[in-house]
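Generate a structure from the sequence data that follows.
(2 chains)
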Amino acid sequence: MSFWLRVNMFFRSFFLQAGWNYVKYQNLGFALVMLPFLRRLYHNDPEALPTVLNRYLDAFNTHPVMASFCFGAMARLEENIAKTQSVADYKEQVAEWAGTRRGLSITAASIGDRLFWGALKPLTLLLAIFIWMLLGVDFLEFTITPVTPPYAFTAGAAAFCVYNAVALFVRWEGLELGYRCDDKSCFGLTRFDWNRTIYNAKRIGIFFAVGLILFGVYRFFEGVRVDINFIARAVLVLFFIMISFVTRRLRIPNVYLYITAVIIFNIVCLL
Amino acid sequence: MTLPFILLCVLAALLELDTTYAFQTLLSRPIITGPIFGWLTGDVAAGIQIGIFAELLFADISPLGGIIPPSGVVASVIPLILYAQGIDLYFGFFVGVLGAVLYSFFDALLRKTRFKWLVFLEKRIGRKPSDITRIITATLLLSFLMTFIFISVLAWAGAQLMFMLYPYFTPRMHFAFRLAYIAVPWIGLAALIPVFRLKTR
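As a prediction, this is how the structure comes out:
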């Protein structure tokens, strides 16, 4: 795969989900990413291109960042299909291509969901909150002190840079590894120790989360006079923490807990 | 609807594209959009708070499979538009969260209906592969347009509704909304612990 072809596919991979739908998921984006490669591969047989592209328009769904491994692997397998000499061989290669596409997309999605949505996104959120706290922004207070614009964007920019440093690296390298590696190394997926990375990210995350809660509790008690308001607020906070654990077990998102709280508080206050 | 209001909605709709349809660089997450909209509406500190609160509140929902989490952009732009017009942040946040949840249903509807016309377009791609770029561009433009209309209508209707109801809000109601608003970061922080549960090994 040439450098410019890789750049082209890399750029197009940002639009993988542009035509997301509930029946074929990312199929349109998948075809968009693979089109430059298919054009180059079948430049001697342009009439074959529409038929080949139809295979890419079948249902496809994976994690948008980890999808690059699938693009590389599909490109490699498509080369094998293009080289076939007999119909039997063609059918066998197409079946392998379809099986790999399905298997690899599921594996990549599983890793991507755990790494990017389950670890990196919440971790960068905590990073941003810590940076803001270091800059003196106490978001737990109802009214926070004014912040000057350059400082205000620092935390968000840091979270953005950290997340995208990892995401762009995986997108770029995945394309190359998927293309260079074969099924023995699961098209480059086994080159990284994903479990260790996720484990370490989560370990750092839990450290940050507990630290943030302890800081919140410290700020809660700092210089405060123990009166009825303070006790009421403390009980409320503890109540919400307990309830959020219960709702999580019941798989009820926190957003509904908040909406319910607003309604219940209003009913109680109006009674 | 004034020009700054429309421009804010345009920016919000553009940022919302980043959530799913283009790039996915997380430029659309509330901790980034909150301060931006806060700065544009005149109070960066309010933007930061809304950004952190919205992100913590939605931290337990991930876009796995076909799940559509509430929109972080909607949850940050609507409260700040309302706040700039004099509505208290805790009322605005409630409207924003409702809007964000509504947007996820609206987006699900868009995704369901999109397939109906994509079937025809796929046939066109089958005949002429180069049309795919044009179709993707059209899909993105349509998503942008629908999001822009949704955000504009919701922000405008939310503001009108708030202005109409605001004189009738009793101090007790202010207290109730504020109490729930103060609890948001704690609900979010409590949800982050299970998110980082070490079960990968």
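
Check the residue of chain B most remote from its centre and give its pLDDT.
Computed with Cα atoms, centre = their mean, the residue of chain B farthest from its C-alpha average is B:Arg127, at 37.6 Å. B:Arg127 is assigned 85 on the pLDDT scale.

Pretty sure it sits against A:Pro50.
Yes: between B:Arg127 and A:Pro50 there is a contact under Cβ atoms under 8 Å: 6.3 Å. Yep, even glycine has a C-beta here, placed from its N, CA and C like the rest.

ok, the closest residue to B:Trp156 other than its chain neighbours to B:Ala159 distance?
In space, and not counting its chain neighbours, B:Trp156 is closest to B:Met1: 6.0 Å by Cβ to Cβ, 6 or more residues apart in numbering or on different chains. Shown here: B:Met1 relative to B:Ala159, a distance of 10 Å by Cβ to Cβ, to the nearest Å.

Could you check which of the two has the larger neighbour count?
Using other Cβ atoms under 10 Å in any protein chain shown, the more surrounded residue of B:Met1 and B:Ala159 is B:Ala159, with 21 against 11.

Quick check: which element contains the more buried one?
According to DSSP states H and E, B:Ala159 maps onto helix B:131-165.

and after that helix, which helix or strand comes next?
helix B:171-195.

relative orientation of that next one and helix B:131-165 in degrees?
140 degrees (axes from the mean of the first three to the mean of the last three Cα atoms, to 10 degrees).

quick one: helix B:171-195 to chain centroid distance?
How far helix B:171-195 lies from its chain's middle: 19 Å, per Cα atoms, centre = their mean, to the nearest Å.

before we move on, what about stretch A:155-162?
On Cα atoms, centre = their mean, the centre of stretch A:155-162 falls 15 Å from the chain's centre.

Can you list the low-confidence ranges for chain B?
Scanning chain B with the threshold set as pLDDT under 70 gives B:198-201.

and the helix or strand of chain A with the lowest mean pLDDT, anywhere near chain B?
The weakest-scoring helix or strand in chain A, judged by mean pLDDT, DSSP states H and E, is helix A:228-249 (a mean of 82). Yes: against chain B, helix A:228-249 shows contacts by Cβ under 8 Å from any Cβ of the partner chain at A:233, A:236-237, A:240-241, A:244-245, A:248.

Buried ones among those?
Using 16 or more other Cβ atoms under 10 Å in any protein chain shown as the burial test, these include A:236-237, A:240-241, A:244, A:248 as buried.

Next, name the residue at the spatial heart of chain A.
Geometric middle of chain A (Cα atoms, centre = their mean) lands on A:Phe116, at 3.8 Å.

Not counting sequence-adjacent ones, nearest residue to that residue?
Nearest to A:Phe116 is A:Val65, by Cβ to Cβ, 6+ apart, at 5.8 Å.

List the contacts of that neighbour.
A:112, A:116, A:167, A:170-171, A:174, B:24 (Cβ atoms under 8 Å, 6 or more residues apart in numbering or on different chains).

In terms of distance to A:Gln17, which of these ranks first?
B:Gln24 (7.1 Å; Cβ to Cβ).

A:Leu177 versus the residue nearest to the closest one when sequence neighbours are not counted, what's the distance?
The shortest distance from B:Gln24 to any non-neighbouring residue, by Cβ to Cβ, 6+ apart, is to A:Pro64 (4.9 Å). Separation of A:Pro64 from A:Leu177 (Cβ to Cβ): 17 Å.

For the host helix or strand of A:Ala75, which residues meet the burial criterion?
Using DSSP H and E, A:Ala75 sits within helix A:67-83. Burial within helix A:67-83, assessed by neighbour count using 16+ other Cβ under 10 Å, is assigned to A:67-78, A:81-82.

which helices and strands does it pack with?
Helices and strands touching helix A:67-83, by 3 or more Cβ pairs under 8 Å, 6 or more residues apart in numbering or on different chains; DSSP states H and E, are helix A:27-41, helix A:87-112, helix A:149-180.

Tell me the first helix or strand C-terminal of the last one.
Same thing as helix A:149-180. Beyond helix A:149-180 toward the C-terminal end (DSSP H and E), the next one is helix A:194-221.

Run the contact check for that next one versus chain B.
Yes: part of helix A:194-221 sits near chain B under the criterion Cβ under 8 Å from any Cβ, namely A:195, A:198-199, A:202-203, A:205-206, A:209-210, A:212-213, A:216.

Got a ChimeraX select line for the buried ones in those residues?
Remark: buried members of the residues of helix A:194-221 next to chain B, expressed as a ChimeraX selection using 16+ other Cβ under 10 Å:
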select /A:198,199,202,205,206,209,212,213,216
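
pLDDT for the residues of helix A:194-221 next to chain B - can I get that in CSV?
As requested, these are arranged in CSV below (pLDDT from 0 to 100):
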residue, pLDDT
A:Asn195, 93
A:Ile198, 94
A:Tyr199, 93
A:Lys202, 93
A:Arg203, 92
A:Gly205, 92
A:Ile206, 90
A:Ala209, 88
A:Val210, 88
A:Leu212, 86
A:Ile213, 83
A:Gly216, 78
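
thinking again about what came up before, for the contacts of A:Val65, work out which two are farthest apart.
Spanning the widest gap among the contacts of A:Val65 are A:Gly174 and B:Gln24, at 14.2 Å by Cβ to Cβ.

more crowded one of the two?
A:Gly174 (28 against 24).

so how far is the least confident helix or strand of chain A from its chain's centroid?
For helix A:228-249, the distance to the chain centre is 31 Å (Cα atoms, centre = their mean).

That helix packs against which elements?
helix A:254-270, helix B:171-195.

right, and the ones you listed - which one's nearest A:Ala155?
A:Ala155 lies closest to helix B:171-195 among the helices and strands packed on helix A:228-249, at 15.0 Å (Cβ to Cβ).

what helices or strands is that closest one leaning on?
Helix B:171-195 packs on helix A:121-134, helix A:194-221, helix A:228-249, helix A:254-270, helix B:44-57, helix B:89-127, going by 3+ Cβ pairs under 8 Å, 6+ apart.

ok, and which of those has the densest surroundings?
For the helices and strands packed on helix B:171-195, the largest average neighbour count (mean count of other Cβ atoms under 10 Å in any protein chain shown) is found in helix B:44-57, namely a mean of 27.

Give me the angle between the helix or strand following that helix and helix A:254-270.
Once the chain leaves helix B:44-57, the next helix or strand it forms, by DSSP H and E, is helix B:72-84. Helix B:72-84 and helix A:254-270 are oriented at 30 degrees to each other (the same axes, to 10 degrees).

now the angle between helix B:89-127 and helix B:72-84, please.
Using the same axes, to 10 degrees: helix B:72-84 against helix B:89-127 is 140 degrees.
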